[in-house]
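Visitor: need coordinates for the below:
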Amino acid sequence: MNQRVDYVFKVVLIGDSAVGKSQLLARFARNEFSLDSKATIGVEFQTRTLTIDQKTIKAQIWDTAGQERYRAVTSAYYRGAVGAMVVYDITKPQTFEHTVRWIEELREHADKNIAVILVGNKSDLVTQRAVSIEEAKEFAESEGLFYIETSALESTNVENAFLTVLKEIYKTHCKKALAGREDELEGTNLLAGTNIDISSGQDHTGTPSKSNCCSF
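Guide: Next comes the predicted model:
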């Protein structure tokens, strides 16, 4: 209960209704799957704490209804999100086609540096596949997105999908933090000048050392 948390990352799940967003969340957060799952009404979220590069990360995953009548709710919940999973059903091509709209909405409301992954769910229904892996990969590449196929039912790649997003968020955070420290040190040096201790032979120019916080 008193576990120290280094970072809290908000990730949003978006996509059409019935593509399996809630099942993906249940599988990741609680390792559960229910065949009787009901459609999400409004917005709900689950959390899970995990470790990345020896840092304790609390993932706060938000799930939203895909129905049009709840779009007014979903448009507000992008605020503060640093990651997103755009989910479609590999057996329903229209849900794949609609990812274009979801990505546009995401880019309109979310931070420009948000980490995004395209998720083709229900990979267990291989005999009913209507969207090819090649087509989805090509689209993801054209949009600059990560891509993965999952099965919430069989728990295939669910962990990998969430970890891909969370690791990318963490890497981006580290880069921003390092850039901020470099800017701060550069500003300090411009004001204070540079001191060199020639007696010890060491350079004290204030040049920051490279951070390894983003290595995986």
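Visitor: need the strands for this protein, in chain order.
Guide: 7-14, 43-52, 55-64, 83-89, 115-121, 146-149 (DSSP state E).
Visitor: which residues sit against the first one?
Guide: Right, strand 7-14. With CB atoms under 8 Å, 6 or more residues apart in numbering as the test, strand 7-14 has contacts from 21, 24-25, 55-64, 66, 74, 77-78, 80-87, 102, 105-106, 110, 162, 165-166, 169-170, 173. For the C-beta atoms, the positions are set from N, CA and C on the backbone; glycine is no exception.
Visitor: pull out the buried residues from these.
Guide: 21, 24-25, 57, 59-64, 66, 74, 77-78, 81-87, 102, 105-106, 110, 162, 165-166, 169-170, 173 (16 or more other CB atoms under 10 Å).
Visitor: who's in contact with the closest residue in space to residue 131 that isn't next to it in sequence?
Guide: Of all residues not flanking residue 131 in the chain, residue 96 sits nearest, at 4.5 Å (CB to CB, 6 or more residues apart in numbering). Shown in contact with residue 96 (CB under 8 Å, 6+ apart): 88, 89, 90, 120, 131, 135, 136, 139.
Visitor: how close does residue 121 sit to residue 157?
Guide: 10 Å (CB to CB, to the nearest Å).
Visitor: now, the most widely separated pair of the contacts of residue 96?
Guide: 89 and 139 (15.0 Å; CB to CB).
Visitor: among the contacts of residue 96, which one has the most neighbours?
Guide: residue 120 (29 neighbours; other CB atoms under 10 Å).
Visitor: quick one on the thing from earlier: need the strands of the chain in CSV with distance to residue 29, can you?
Guide: CSV is the format used below for those (distance: least, CB to CB, whole Å):
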stretch, distance to residue 29
strand 7-14, 11
strand 43-52, 4
strand 55-64, 7
strand 83-89, 13
strand 115-121, 16
strand 146-149, 18
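Visitor: got these as JSON lines, with distance to residue 30 and mean pLDDT columns?
Guide: As requested, the strands of the chain are exported to JSON lines (distance: least, CB to CB, whole Å; pLDDT from 0 to 100):
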{"stretch": "strand 7-14", "distance to residue 30": "15", "mean pLDDT": "95"}
{"stretch": "strand 43-52", "distance to residue 30": "7", "mean pLDDT": "89"}
{"stretch": "strand 55-64", "distance to residue 30": "11", "mean pLDDT": "93"}
{"stretch": "strand 83-89", "distance to residue 30": "17", "mean pLDDT": "97"}
{"stretch": "strand 115-121", "distance to residue 30": "17", "mean pLDDT": "97"}
{"stretch": "strand 146-149", "distance to residue 30": "20", "mean pLDDT": "98"}
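Visitor: tell me where the protein has helices.
Guide: 21-30, 71-74, 93-97, 99-109, 133-143, 158-192 (DSSP state H).
Visitor: which one of those helices has the poorest average confidence?
Guide: Among these, helix 71-74 carries the lowest mean pLDDT, at a mean of 62.
Visitor: list every C-alpha atom in stretch 170-180, with coordinates, as CSV.
Guide: Provided in CSV are the C-alpha atoms of stretch 170-180 (Å, rounded to 0.1, in the frame of the first residue of the first chain):
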residue,chain,number,x,y,z
TYR,A,170,9.2,6.6,-20.3
LYS,A,171,11.9,7.0,-23.0
THR,A,172,10.3,10.3,-24.1
HIS,A,173,10.1,11.5,-20.5
CYS,A,174,13.8,10.7,-20.0
LYS,A,175,14.7,12.6,-23.1
LYS,A,176,12.7,15.7,-22.0
ALA,A,177,14.2,15.6,-18.5
LEU,A,178,17.7,15.3,-19.9
ALA,A,179,17.1,18.2,-22.4
GLY,A,180,15.8,20.3,-19.6
